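Trainee: Give me coordinates for this.
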Amino acid sequence: MIRPVCVSLAALLYVSVGGCQQPAAQEAGRADSAQSVASAAMEEVKGFSSADRAKVEARVADLNRMMAAGDMAGAMDVVPPRLFQTIAARAGVSEAEFRAAMREMIAAQMQSVSLVSYNMDMAAATPIRTPDDARTYLLIPTMTVMEVNGQRVKSTTSTLALEDEGEWYLIRVDDANQVALIRELWPEFAAVEFPVGTTEPA
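Mentor: Coordinates of the predicted model:
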């Protein structure tokens, strides 16, 4: 029972943000500048304060560090705990058991998959209100280049940044099953249309 739900949550987790290399210094400089431009716009949206912006940027920075260190299992920390708890309960295991199974699965998958690069475009991630005006969220355009069996593929997706119990988390949102779970746990997203991801040779 654990294996299928692990695969599902793995997609929620790291395919959207994979990468084992930090961007070059020049790229990082451009990203910092772009984030500064976007920051002012972010603060103008209802329900998204400068403190919220700082939390999102810190979460992305933490993820960048983990990816640069190759700590794919550690990247589970960017996903809302509520997702782990829900899927673990449905699988009939404890959250701790589920997280352990996830770590094993990620380690096994990374033996045949190399995450080459990634980019989360914070400059394009302006805050949005849900249609019911109950929640503010961000959609961060995300590009990942992976090498699978000697072939490189590029995945262009969106990463959802949402607040849950006072903390901001990141979730990939380009799969129907993933979106269905998000809408179940956070009904405010019921009428939100998420972008469809694409995968192509790199």
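
Trainee: Residue 201 versus residue 132, what's the distance?
Mentor: Distance of residue 132 to residue 201, given as Cβ to Cβ, to the nearest Å: 40 Å. Heads up, the C-betas are built off the backbone N, CA and C, glycines and all.

Trainee: neighbour-wise, which of these two wins?
Mentor: residue 132 (12 against 7; other Cβ atoms under 10 Å).

Trainee: can you tell me which helix or strand residue 161 belongs to?
Mentor: Counting by DSSP states H and E, the element that carries residue 161 is strand 151-164.

Trainee: for residue 67, same thing?
Mentor: helix 50-68.

Trainee: relative orientation of that helix and strand 151-164 in degrees?
Mentor: Helix 50-68 and strand 151-164 are oriented at 150 degrees to each other (axes from the mean of the first three to the mean of the last three Cα atoms, to 10 degrees).

Trainee: what packs against helix 50-68?
Mentor: In terms of contacts (3 or more Cβ pairs under 8 Å, 6 or more residues apart in numbering; DSSP states H and E), helix 50-68 is packed against helix 25-43, strand 113-120, strand 136-148, strand 151-164, strand 167-172.

Trainee: what's the least confident stretch among these?
Mentor: Sorting these by mean pLDDT places helix 25-43 lowest, at a mean of 43.

Trainee: what residue ranges in this protein score low on pLDDT?
Mentor: Counting by pLDDT under 70, the chain contains low-confidence residues at 1-44.

Trainee: hmm, try it at 80
Mentor: Counting by pLDDT under 80, the chain contains low-confidence residues at 1-47, 64, 67-70, 72, 109-110, 118.

Trainee: Tell me the gap between the helix holding residue 67 and the middle of its chain.
Mentor: Remark: helix 50-68 is offset 11 Å from the chain centroid, using Cα atoms, centre = their mean, to the nearest Å.

Trainee: Restricting to C-alpha, output that helix in CSV.
Mentor: What follows is helix 50-68 as a C-alpha-only set of coordinates in CSV (Å, rounded to 0.1, in the frame of the first residue of the first chain):
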residue,chain,number,x,y,z
SER,A,50,6.1,41.5,3.7
ALA,A,51,6.5,38.8,6.4
ASP,A,52,4.8,36.3,4.1
ARG,A,53,7.0,37.2,1.2
ALA,A,54,10.1,36.7,3.4
LYS,A,55,8.8,33.3,4.4
VAL,A,56,8.3,32.2,0.8
GLU,A,57,11.7,33.4,-0.2
ALA,A,58,13.2,31.6,2.8
ARG,A,59,11.4,28.4,1.9
VAL,A,60,12.7,28.6,-1.7
ALA,A,61,16.2,29.4,-0.4
ASP,A,62,16.1,26.4,1.9
LEU,A,63,15.1,24.2,-1.0
ASN,A,64,17.9,25.5,-3.1
ARG,A,65,20.4,24.6,-0.5
MET,A,66,19.1,21.1,-0.1
MET,A,67,19.1,20.5,-3.8
ALA,A,68,22.6,21.9,-4.2
